[in-house]
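1. I'd like to go over a predicted model; first the sequence, then the structure.
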Amino acid sequence: MTREEKARLNSFVAKNVNMLLEEKGMTQRELAEKVGKSEAEVSRWLTGRNGFSKTAIARLSVALGHDITTRPVGLGTGGNTDNIVKHGNRKVALITGVTGQDGSYLSEFLLEKGYEVHGIIRRSSVDFRERIAHLEGRPNFHLHYADMSDSMSIVKVIDTVRPDEVYNLAAQSHVQVSFDSPEFTADVDAVGVLRVLEAVRACHLEQTCRIYQASTSELYGKVEQVPQNENTPFHPYSPYAVAKLYGFWIVKEYREAYNMFCCSGILFNHESERRGETFVTRKITLAAARIAQGHQDCLWLGNLSSLRDWGYAKDYVECMWLILQQDKPEDFVIATGVQHSVREFCYEAFKCAGITLEFSGEGLEEKGICVAGPKNLVGKTLVAVSEDFYRPTDVVNLWGDPTKAKAKLKWNPNKTSFEQLVELMVKHDMAKVAGEGAAMKVRTNLAEYLEKGIVR
Ligand code: NAP
Ligand code: F7E
């Protein structure tokens with residue numbers, strides 16, 4: 001048998017195994033247990049990366065109750081073996097940044113829609129991928145090691161998965177951190193986008209694979225117009241925004257130069273109970289919960305007057321998908337059209353935790369004092385300002401205009417109100433802190449506490 005014939009047979013068998021797993025509702029983990037192999041090994045079979053020995057075929061056939069070298073009756077589309085991991089009529093999506101806030105919600109959304117979802121993960125010394133732990137082991141959910149700074153790794157994954165849709169969400173996404181690590185941010189957030197586009201071309205998928213790029217309202221930066229829409233001029237105002245600007249333009253360039261279906265979603269801030277703990281909203285909801293439960297004295301923040309258009313991440317991932325389902329590739333602003341300050345977010349979050357704040361003073365002297373709530377807190381300063389959390393250049397007036405998304409995507413930007421968003425985040429963090437309470441008291445990680453504004 002030639003190498004090519006072997007590869008064809010291998011992908012045919014892999015496809016059969018996937019179909020059988022799905023038909024039986026069996027997880028990768030369960031199959032691994034049945035055949036006495038590791039989950040990683042089973043995953044390599046399922047994605048066509050490992051060949052099937054005679055023994056493997058025999059064991060898998062017994063475990064699945066069917067000869068895996070023959071197509072299961074009534075399933076799939078027949079003997080098409082030219083796509084290693086595309087099964088039946090399922091669409092195949094590849095998500096970079098699958099472990100992040102948006103990646104986790106998008107995975108759930110696409111699985112629910114019947115997609116086969118592949119995600120890129122990078123090696124970490126801590127193995128537990130909290131946001132997607134509940135999805136690991138699901139038959140249509142696969143993970144691959146790669147890194148946005150490593151072109152070959154991206155090419156390999158795209159060649160293996162041969163996706164219909166790529167959602168490029170991976171990024172160093174923290175604006176403050178981009179001032180500390182500007183070169184890394186540029187490599188991942190700017191050149192990383194180019195690597196994905198080039199990988200799709202290198203695998204000859206440019207006419208079939210649609211690409212979503214996670215662009216950002218940070219492009220408007222030192223804003224030149226409010227509210228901001230698709231025609232507002234860009235004025236990036238941080239190393240993060242400058243890197244993302246490259247990503248935006250290179251996507252547009254590939255769309256025009258190579259006629260590729262690639263689009264940017266210019267998403268305004270979107271938050272959730274899965275938001276990273278050092279973004280301002282989550283920092284506030286966690287602090288409100290800790291203060292209400294006696295585990296923190298005061299919350300230290302930076303610019304309280306900064307204005308944002310905050311939405312719910314779970315609502316926003318739907319737009320990423322909708323953007324790729326349009327007839328022609330276009331960029332879209334995704335926002336709620338409602339603006340609030342960091343101070344207002346604080347007020348609302350503490351209110352949800354049973355504490356009424358009153359703000360007085362200005363700049364570094366401003367304080368949020370408890371005027372109603374638990375007796376032991378009344379009269380105390382619970383929110384204070386520290387210059388540690390001011391940025392060298394800060395974006396202070398973001399307000400999106402989602403008119404185009406409403407009209408063309410038929411998307412409802414106000415599904416979750418600001419008040420509902422704050423409430424669901426605080427509720428989540430009240431429960432989290434209650435569960436962790438005892439452990440929190442003995443933790444003394446000063447560096448982490450400094451970053452999260454728990455101590456100064
Ligand atoms: P996030 O929670 O910070 O997730 C970022 C993801 O990127 C994580 O999965 C992270 O992996 C991955 N990543 C970072 N560097 C990588 C590398 N070198 N190679 C491979 N993966 C890497 O961000 P998010 O809030 O979900 O945002 C998703 C995307 O939307 C980002 O591109 C962000 O810039 C953009 N965006 C976000 C917002 C927002 O408000 N959330 C608004 C506009 C645009 P680890 O888990 O291993 O770190
Ligand atoms: O800051 C101010 C801060 O870090 C919001 C990312 O997802 O959204 C996010 O970027 C505002 C800024 O988000 C603190 O100065 C005050 O004005 O929560 P943030 P961000 O910078 O808007 C955009 C759209 C993205 O694309 C990014 O990936 O809040 N602020 N005090 C503070 N911010 C933080 N983090 N910590 C403070 O203590």
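-> That came in fine, so what should we check first? Nothing here was measured: the structure is a model prediction, and the numbers come from that model. Ligands and ions are numbered 1, 2, ... in the order given.
2. Can you name the residue of the stretch 1-150 of the chain nearest ligand 2?
-> Relative to ligand 2, the nearest point of the stretch 1-150 of the chain is Gln101 (8.3 Å; Cβ to the nearest ligand atom). Yep, even glycine has a C-beta here, placed from its N, CA and C like the rest.
3. Check the burial of that residue by counting its neighbours.
-> As a burial measure, Gln101 scores 24 neighbours (other Cβ atoms under 10 Å).
4. Do you know the pLDDT at it?
-> The model reports Gln101 with a pLDDT of 98.
5. I figured it hits Arg131, correct?
-> Yes: if you go by Cβ atoms under 8 Å, Gln101 and Arg131 touch, sitting 6.9 Å apart.
6. what residues does the protein put near ligand 1?
-> Residues of the chain lying close to ligand 1 (Cβ under 6 Å from any ligand atom) are 96-97, 99-103, 120, 122, 124, 147-149, 169-173, 188, 214, 216, 267, 269-270, 276.
7. Overlap in contacts, Gln101 and Arg131.
-> Residues touching both Gln101 and Arg131 by Cβ atoms under 8 Å, 6 or more residues apart in numbering: Arg274.
8. Give me the pLDDT for Val455.
-> At Val455, the model reports a pLDDT of 66.
9. Please apply the same query to Ala447.
-> We have a pLDDT of 65 for Ala447.
10. and if you look at Thr27?
-> The model reports Thr27 with a pLDDT of 85.
11. do the same with Lys441
-> 53.
12. Ile120: neighbour count?
-> For Ile120, the tally of surrounding residues (other Cβ under 10 Å) stands at 27.
13. returning to that earlier point: not counting sequence-adjacent ones, nearest residue to the residue of the stretch 1-150 of the chain closest to ligand 2?
-> Arg274 (4.7 Å; Cβ to Cβ, 6 or more residues apart in numbering).
14. do the same with Trp321
-> Phe109 (6.5 Å).
15. OK, contacts around that neighbour?
-> Val317, Glu318, Trp321.
16. For Ala372, what are phi and psi?
-> Per-residue torsions, Ala372: phi -160, psi 150 (degrees, to the nearest 10).
17. Nearest residue to it in space, please, no chain neighbours.
-> Closest residue to Ala372 apart from its sequence neighbours, by Cβ to Cβ, 6+ apart: Thr356 at 3.9 Å.
18. So the one you found versus Leu377, what's the distance?
-> 10 Å (Cβ to Cβ, to the nearest Å).
19. what residues are shared contacts of those two?
-> Taking Cβ under 8 Å, 6+ apart as the criterion, Thr356 and Leu377 both touch Cys370.
20. between these two, who's got more neighbours?
-> Neighbour tally, Thr356 and Leu377, criterion other Cβ under 10 Å: the higher count belongs to Leu377, 20 against 14.
21. The closest residue to that one other than its chain neighbours in helix, strand or coil?
-> Nearest non-adjacent residue to Leu377, counting by Cβ to Cβ, 6+ apart: Cys370, 4.4 Å away. Secondary structure, DSSP: H, G, I helix; E, B strand; the rest coil: Cys370 is strand.
22. now do Trp300
-> Secondary structure for Trp300, judged by three-state DSSP, is strand.
23. thought it was touching Glu387?
-> No: with contact defined as Cβ under 8 Å, Trp300 does not reach Glu387; the gap is 10.0 Å.
24. Quick one: residues contacting the nearest residue to Ser217 once chain neighbours are set aside.
-> What sits nearest to Ser217 in space, not counting adjacent residues and going by Cβ to Cβ, 6+ apart, is Phe268, at 4.2 Å. Residues in contact with Phe268 (Cβ under 8 Å, 6+ apart) are Ser217, Arg308, Asp309, Trp310, Gly311, Val333, Ile334, Ala335, Thr336, Leu398, Gly400.
25. Doesn't Val226 belong to a strand?
-> No: with three-state DSSP as the criterion, Val226 is assigned coil and is not in a strand.
26. Would you list the phi and psi of it?
-> Main-chain dihedrals, Val226, degrees, to the nearest 10: phi -130, psi 140.
27. picking up where we left off before, give me the element the residue nearest to Gln101 is part of.
-> Assigned by DSSP states H and E, Arg274 falls within no helix or strand.
28. Could you tell me the model confidence score at it?
-> With respect to pLDDT, Arg274 has a value of 98.
29. Might one say that it is in contact with Arg131?
-> Yes: under the criterion of Cβ under 8 Å, Arg274 makes contact with Arg131 at 5.3 Å.
30. Sort out for me which of the residues of the chain next to ligand 1 are in strands.
-> Residues of the residues of the chain next to ligand 1 located in strands (DSSP state E): Thr96, Ile120, Ala214, Thr216, Leu267, His270.
31. Just give me the longest helix of the chain.
-> Determined from DSSP state H, the single longest helix within the chain is helix 418-442.
32. Output the contacting helices and strands for that helix.
-> Counting contacts by 3 or more Cβ pairs under 8 Å, 6 or more residues apart in numbering; DSSP states H and E, helix 418-442 is packed against helix 280-292, strand 311-312, helix 342-352.
33. Could you pull up phi and psi at the residue nearest to Ala372?
-> The phi/psi pair for Thr356 (degrees, to the nearest 10) is phi -100, psi 130.
34. now stretch 150-168, how far from the centre of its chain.
-> Remark: stretch 150-168 is offset 17 Å from the chain centroid, using Cα atoms, centre = their mean, to the nearest Å.
35. buried ones in that stretch?
-> Neighbour counts over stretch 150-168 (16 or more other Cβ atoms under 10 Å) mark 151, 153-158, 160-168 as buried.
36. Put the alpha carbons of that stretch into CSV.
-> Below are the C-alpha coordinates for stretch 150-168, written out as CSV (Å, rounded to 0.1, in the frame of the first residue of the first chain):
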residue,chain,number,x,y,z
ASP,A,150,4.8,29.4,15.8
SER,A,151,3.8,29.3,12.1
MET,A,152,4.5,25.6,11.6
SER,A,153,2.3,24.6,14.5
ILE,A,154,-0.6,26.6,13.0
VAL,A,155,-0.1,25.1,9.5
LYS,A,156,-0.1,21.6,11.0
VAL,A,157,-3.3,22.0,12.9
ILE,A,158,-5.1,23.6,9.9
ASP,A,159,-3.9,20.9,7.6
THR,A,160,-5.1,18.2,10.0
VAL,A,161,-8.4,19.8,10.8
ARG,A,162,-9.2,21.3,7.4
PRO,A,163,-11.8,23.7,8.9
ASP,A,164,-14.7,25.3,7.2
GLU,A,165,-14.5,28.2,9.6
VAL,A,166,-11.6,29.6,11.6
TYR,A,167,-12.3,31.8,14.6
ASN,A,168,-9.1,33.6,15.5
